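Asks: Provide a 3D model corresponding to the input given below.
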Amino acid sequence: MNGVSGELLCQTCKKPLGLSLKRMARMNFDDLYRWGKERGYGFFGGSIAVGAGGVTTAFVKCSKCYPPEIRRNPKVLFTKSNKRRLVAICGPAGIGKSTWAKLIVDRLRERGEEVCHWEEDLSDPSLLEAYYQEPERWALATQLRFLTAKATIYEKALLGDVVERAIEEDYMFAQINHKCGRMSKQEWSIYQEVYNRVTQHLPMPLVYVILTAPSKSNVERMKQRNRKSELDGGLEYWKKLYDAYQEWILDVMMDVPTRYIRWDVVAHDLAKHPEAVDKLATQILEWVRKAESTNA
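Replies: Next up, the predicted model:
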């Protein structure tokens, strides 16, 4: 795609496709996909990224550059299975999930992989603001909103897609809210029932990339990004959540020992080690191939 004020272009020949980026940003996944298919355009595996309020990125090819024989055999990140397989970039707030996810997706595309980056859905910031102001009142509503938004991403994600935050992390947030007294016993029971029903048939991540950093370092990162609503909620909550992440990491290590990558963002500081992105991209591809081989 072209600049923010421009028009959507064919990824190969750069021909304008008759859709302004401004209009595209107001479309959802289904609208854009239908628009392209009606015109004979090709969307290759994982080519649409959806963020807050609408589509943020689309990689499209016109009918000349994306003939039917290519459509029948697209090159995607996972080649040995027709099931949907996801790579989840995980970690506590402020650790850099969005930054790492975007860089990894860029590197994978440079290597010829057709992969999509699904950002975390923050399309209802007013609800999140209300939660930070009155957590006891809004905890259940907020957690259910995030759960259904993440489930929608899991349902729409295609082969080889990268998602920010695994859906299990949403469960962890809700559990901490319950432990902190922000969610009553009855509300926690409701959330668990909805979670179990929603996730029953969802594709789970093939590989978990778990970003880690010392607690003190992570708190400093949150202060640096200076989101007032987060800080107003109190750092004690985020410290408890950090501890919960350490427990969850152990659970992942025990449940899927061959499907996770633990990545220290301090040891791989991008400012000092820009080559770390290539290293992680290579590691992800290796683990994906290994996992697909095991599941084949």
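Asks: could you look up the SS state of residue 207?
Replies: strand (DSSP: H, G, I helix; E, B strand; the rest coil).
Asks: ok, for residue 63, nearest residue in space, not its chain neighbours?
Replies: Beyond its immediate neighbours in the sequence, the residue positioned closest to residue 63 (C-beta to C-beta, 6 or more residues apart in numbering) is residue 40, lying 4.1 Å away. Backbone N, C-alpha and C define where each C-beta goes, glycine included.
Asks: hmm, which helix or strand of this protein has the shakiest average pLDDT?
Replies: Lowest mean confidence among the helices and strands of the chain (mean pLDDT, DSSP states H and E): helix 68-71, at a mean of 41.
Asks: related to what we said a few turns ago, shouldn't the residue nearest to residue 63 be within a helix?
Replies: No: assessed with three-state DSSP, residue 40 is coil; it does not lie in a helix.
Asks: do I have it right that it meets residue 61?
Replies: No: Residue 40 lies out of contact with residue 61 (C-beta atoms under 8 Å); the separation is 10.2 Å.
Asks: who's more crowded, those two?
Replies: Applying other C-beta atoms under 10 Å to residue 40 and residue 61 shows that residue 61 carries more neighbours, namely 23 against 11.
Asks: partner residues bridging the more buried one?
Replies: Using DSSP bridges, the bridge partners assigned to residue 61 are residue 42.
Asks: residue 39 versus that one, what's the distance?
Replies: In this view, residue 61 and residue 39 are 11 Å apart by C-beta to C-beta, to the nearest Å.
Asks: also residue 119?
Replies: From residue 119 to residue 39 the distance is 26 Å (C-beta to C-beta).
Asks: before we move on, back to that, who's in contact with the helix or strand following the least confident helix or strand of the chain?
Replies: As assigned by DSSP states H and E, the chain's next helix or strand after helix 68-71 is strand 86-90. Defining contact as C-beta atoms under 8 Å, 6 or more residues apart in numbering, one finds that strand 86-90 is touched by 77, 97, 100-101, 104, 154, 157, 160-166, 169, 203-211, 284, 288.
Asks: any of these buried? List them.
Replies: Among the contacts of strand 86-90, those buried by neighbour count (16 or more other C-beta atoms under 10 Å) are 77, 97, 100-101, 104, 154, 157, 160-166, 169, 204-211, 284, 288.
Asks: among these, which are in strands?
Replies: With strands defined by DSSP state E, the entries of the buried ones among the contacts of strand 86-90 inside them are 161-164, 205-211.
Asks: quick check, nearest of those to residue 273?
Replies: Nearest to residue 273, judged by C-beta to C-beta, of those is residue 211 at 14.4 Å.
Asks: which ones are touching the closest residue to the closest one other than its chain neighbours?
Replies: Spatial nearest neighbour of residue 211, chain neighbours left out: residue 91 (3.5 Å); criterion: C-beta to C-beta, 6+ apart. By C-beta under 8 Å, 6+ apart, the contact set of residue 91 is 97, 210-212, 245, 265.
Asks: I'd like to know how far residue 91 sits from residue 245.
Replies: Using C-beta to C-beta, residue 91 is found at 7 Å from residue 245.
Asks: before we move on, what about residue 11?
Replies: Applying C-beta to C-beta, the value for residue 11 to residue 245 is 37 Å.
Asks: residues touching the residue sitting furthest away from the middle of the chain, list them.
Replies: In the chain, residue 64 marks the outermost C-alpha relative to the chain mean, sitting 31.6 Å out by C-alpha atoms, centre = their mean. Neighbouring residues of residue 64 by C-beta under 8 Å, 6+ apart: residue 13.
Asks: thanks again, I'm all set now.
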